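Asks: model the structure of this input:
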Amino acid sequence: MEIFPISLKLQQQRCLIVGGGHIAYRKAVLLVKAGAILDVVAPEISSDLTALIDQSQGTAYHKPFEDTDLERAYRLVIAATDVAAVNKRVFEQCEARTILVNSVDDIPNCRFMVPAIIDRSPLLISVASNGASPVLSRQLRTQIETLVPHGMGKLAEFSGRWRKQVKAQIENPDERRIFWEDLYNSPLKEQVFNDNLDAANQMMTDALQNWRTPKGEVYLVGAGPGDPELLTLKALRLMQQADVVIYDRLVSAPIMELCRRDADKVYVGKARSNHSVPQEGINELLVKYAQAGKRVCRLKGGDPFIFGRGGEEIQELFAAGIPFQVVPGITAASGCSAYAGIPLTHRDYAQSVRFLTGHLKAGSPELPWKELVYENQTLVLYMGLVGLEQICEQLIEHGQRPDMPVALISKGTTPEQKVVVGTLQTIASKVLEHHIHAPTLTIIGEVVNLRDQLQWHDSGSKIA
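Replies: Below is the predicted model:
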């Protein structure tokens with residue numbers, strides 16, 4: 001984050017705009033709307049801008065900018081002339097006096113940026129790009145405008161009137177946040193939108209009278225294979241409302257950024273022979289936080305019920321009497337194969353697909369080898385990278401042809417995705433050669449050959 005977004009209270013605060021044309025007028029509208037006292041310095045000042053100055057009870061100075069103009073103790077300054085040297089001079093003099101300054105469309109000479117604004121006063125939403133793309137910010141603002149009802153401002157104002165009373169009755173801040181979240185998901189919102197304030201006030205009274213300390217709950221959420229856009233809507237909603245997020249190694253950083261920012265984040269990642277927290281410890285953490293009244297998001301890569309040990313975790317929750325929800329995620333087999341351009345089934349090549357774990361047990365993978373040797377079938381191996389050579393040898397030994405196509409998909413669905421293609425006979429030797437590391441998914445079957453035609457995500461970066 002290169003900029004720190006803040007909201008300034010400018011009521012009755014003196015602000016300065018240097019410049020008297022159309023650009024200056026646009027910025028002046030925002031400052032006056034925020035209640036600022038507006039001064040303007042420029043040789044020529046438009047009539048529209050003069051009217052705003054008068055409305056704010058500010059002063060128009062019909063003259064060129066001079067350094068001494070900043071001696072009037074301004075809260076902030078905007079340089080909006082069409083002369084770059086003047087704007088730079090304004091910036092330098094403001095910096096010397098530690099005054100917040102913005103030079104319009106001149107990023108190097110800015111101490112703050114003016115974002116694109118969605119105004120639902122007292123609710124304000126702003127979109128900023130650190131000056132890199134103001135047009136993109138405005139386009140996003142337009143999209144958000146269509147999603148935020150105008151009544152949201154009424155709801156914010158209504159909430160403000162009740163805030164003190166709610167705070168006095170519900171002292172715990174976490175519980176208070178849950179109270180408001182539940183309330184905003186209730187019919188109260190529509191009553192406020194429609195100006196039925198008597199009904200809305202009665203609903204608030206009833207909600208406070210009936211409020212009870214909430215019980216803890218666990219959300220077992222599948223985060224998918226890595227691309228944050230593959231999250232389900234329900235997963236995102238629960239990630240945003242959780243008090244605690246317990247996450248594993250396969251949850252990508254962009255997905256973690258979508259969790260509630262002030263939630264406690266607890267890492268319990270597992271790598272081969274290196275479990276930061278053993279499974280029993282994870283189970284205990286889920287129970288402990290939930291029993292403390294927390295809403296816990298157990299965030300797992302892929303789908304929690306496909307080689308994710310999710311069943312074990314909710315068994316523990318069931319035994320402890322803790323309520324839980326399960327949110328499926330796109331499993332790595334579906335996500336990574338799709339992003340690699342490899343369909344798992346195809347009418348001409350594979351009429352079935354099997355998901356397997358290649359995890360080594362007692363030094364070797366334990367799989368029903370005879371059942372796996374079938375021509376028109378796709379095999380998908382999770383956690384098979386370490387035992388890949390043995391797996392290929394066993395399949396060949398039990399009758400599978402050595403030239404059966406194989407694909408390794410490393411970090412699938414992410415910008416770092418890498419796909420290596422070979423055969424049962426050659427694929428193991430390619431792991432070191434192409435620096436393939438976990439997490440990696442292995443796909444075995446004729447469908448791998450379709451990648452030449454169907455790949456789309458990695459722009460043809462096939463490694464044979």
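Asks: list the buried residues of stretch 46-66.
Replies: Ser46, Leu49, Thr50, Leu52, Ile53, Ser56, Gly58, Ala60, Tyr61, Phe65 (16 or more other Cβ atoms under 10 Å). All C-beta spots, glycine's among them, are computed from the backbone N, C-alpha and C.
Asks: which of these lies closest to Tyr74?
Replies: Tyr74 lies nearest to Gly58 out of the buried residues of stretch 46-66, by Cβ to Cβ, at 10.8 Å.
Asks: quick check: that closest one touching Arg14?
Replies: Yes: applying Cβ atoms under 8 Å as the test, Gly58 and Arg14 come out as touching, 7.3 Å apart.
Asks: quick check: neighbours shared by these two?
Replies: Contact criterion Cβ atoms under 8 Å, 6 or more residues apart in numbering; residues shared by Gly58 and Arg14: Ile37, Asp39.
Asks: now do the contacts for Leu367.
Replies: Leu356, Gly358, Ile391, Gln394.
Asks: export those as TSV, with columns for pLDDT, neighbour count and distance to Arg120.
Replies: Shown next, in TSV, are those (pLDDT from 0 to 100; neighbours: other Cβ atoms under 10 Å; distance: Cβ to Cβ, whole Å):
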residue	pLDDT	neighbour count	distance to Arg120
Leu356	93	20	52
Gly358	81	22	53
Ile391	93	28	58
Gln394	93	18	63
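Asks: can you list which of these are found in helices?
Replies: Within those, membership in helices is found for Ile391, Gln394, as judged by DSSP state H.
Asks: make a markdown table out of the contacts of Leu367 and add distance to Ile342.
Replies: Compiled in a markdown table, these are given as follows (distance: Cβ to Cβ, whole Å):
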| residue | distance to Ile342 |
| --- | --- |
| Leu356 | 16 |
| Gly358 | 18 |
| Ile391 | 18 |
| Gln394 | 22 |
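Asks: between the contacts of Leu367, which sits nearest Ala36?
Replies: Gly358 (64.9 Å).
Asks: quick revisit: redo the buried residues of stretch 46-66 as a markdown table? Include distance to Leu147, secondary structure and pLDDT.
Replies: Shown next, in a markdown table, are these (distance: Cβ to Cβ, whole Å; DSSP: H, G, I helix; E, B strand; the rest coil; pLDDT from 0 to 100):
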| residue | distance to Leu147 | secondary structure | pLDDT |
| --- | --- | --- | --- |
| Ser46 | 35 | coil | 96 |
| Leu49 | 33 | helix | 97 |
| Thr50 | 37 | helix | 96 |
| Leu52 | 31 | helix | 97 |
| Ile53 | 36 | helix | 97 |
| Ser56 | 32 | helix | 97 |
| Gly58 | 36 | coil | 97 |
| Ala60 | 40 | strand | 97 |
| Tyr61 | 42 | strand | 97 |
| Phe65 | 41 | coil | 97 |
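Asks: just those now: which is nearest Ala156?
Replies: Looking across the buried residues of stretch 46-66 and measuring by Cβ to Cβ, the closest to Ala156 is Ser56, at 24.7 Å.
Asks: hmm, Gly335 is touching Leu230, no?
Replies: Yes: Gly335 lies in contact with Leu230 (Cβ under 8 Å); the separation is 5.9 Å.
Asks: which neighbours do those two share?
Replies: With Cβ under 8 Å, 6+ apart, Gly335 and Leu230 have common neighbours Gly224, Thr413.
Asks: which of the two has more neighbours?
Replies: With neighbours defined as other Cβ atoms under 10 Å, Gly335 and Leu230 compare such that Gly335 has more, 22 against 19.
Asks: tell me the contacts of the more buried one?
Replies: By Cβ under 8 Å, 6+ apart, the neighbours of Gly335 are Gly224, Pro225, Gly226, Asp227, Leu230, Gly302, Gly412, Thr413.
Asks: how does it look with 7 Å?
Replies: Residues near Gly335 by Cβ atoms under 7 Å, 6 or more residues apart in numbering: Gly224, Pro225, Leu230, Gly412, Thr413.
Asks: in TSV: the buried residues of stretch 46-66, plus distance to Ala79.
Replies: Shown next, in TSV, are the buried residues of stretch 46-66 (distance: Cβ to Cβ, whole Å):
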residue	distance to Ala79
Ser46	17
Leu49	15
Thr50	19
Leu52	17
Ile53	17
Ser56	19
Gly58	17
Ala60	17
Tyr61	14
Phe65	8
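Asks: now for the spatially most central residue of the chain: which residues touch it?
Replies: Nearest residue to the geometric centre of the chain (Cα atoms, centre = their mean): Leu258, 2.7 Å. Taking Cβ under 7 Å, 6+ apart, we find Leu258 in contact with Pro228, Leu236, Met239.
Asks: ok, and the most crowded of those residues?
Replies: Met239 (23 neighbours).
Asks: now that residue, nearest residue through space, not along the chain?
Replies: Cys259 (4.8 Å; Cβ to Cβ, 6 or more residues apart in numbering).
Asks: do the same with His398
Replies: Nearest non-adjacent residue to His398 (Cβ to Cβ, 6+ apart): Trp369, at 4.3 Å.
Asks: for that neighbour, grab the count of nearby residues.
Replies: Trp369 has 15 nearby residues by other Cβ under 10 Å.
Asks: same check on Pro43?
Replies: The number of residues packed near Pro43 is 12, by other Cβ under 10 Å.
Asks: again, but for Pro304
Replies: Using other Cβ under 10 Å, Pro304 has 25 other residues around it.
Asks: was I right about it contacting Gly222?
Replies: Yes: contact status for Pro304 versus Gly222: in contact at 5.1 Å, counting by Cβ atoms under 7 Å.
Asks: between these two, what contacts are shared?
Replies: Gly329.
Asks: rewinding a little: filter the contacts of Gly335 down to the buried ones.
Replies: The neighbour-count test (16+ other Cβ under 10 Å) applied to those identifies Gly224, Pro225, Leu230, Gly412, Thr413 as buried.
Asks: residues in contact with the first one?
Replies: In this case it means Gly224. With contact set as Cβ under 7 Å, 6+ apart, Gly224 has these partners: Leu230, Leu231, Gly302, Gly329, Ile330, Gly335.
Asks: 6 Å - rerun?
Replies: Counting by Cβ atoms under 6 Å, 6 or more residues apart in numbering, Gly224 makes contact with Leu230, Leu231, Gly329, Ile330, Gly335.
Asks: what is it paired to in the beta sheet?
Replies: Gly302 (DSSP bridges).
Asks: could you measure from it over to Leu236?
Replies: 11 Å (Cβ to Cβ, to the nearest Å).
Asks: likewise the fourth one?
Replies: Note on Gly412: its distance to Leu236, by Cβ to Cβ, is 21 Å.
Asks: and the helices in the stretch 201-350 of the chain?
Replies: In the stretch 201-350 of the chain, the segments counted as helices under DSSP state H, counting those that start in this stretch are 233-241, 253-256, 279-291, 310-320, 332-339.
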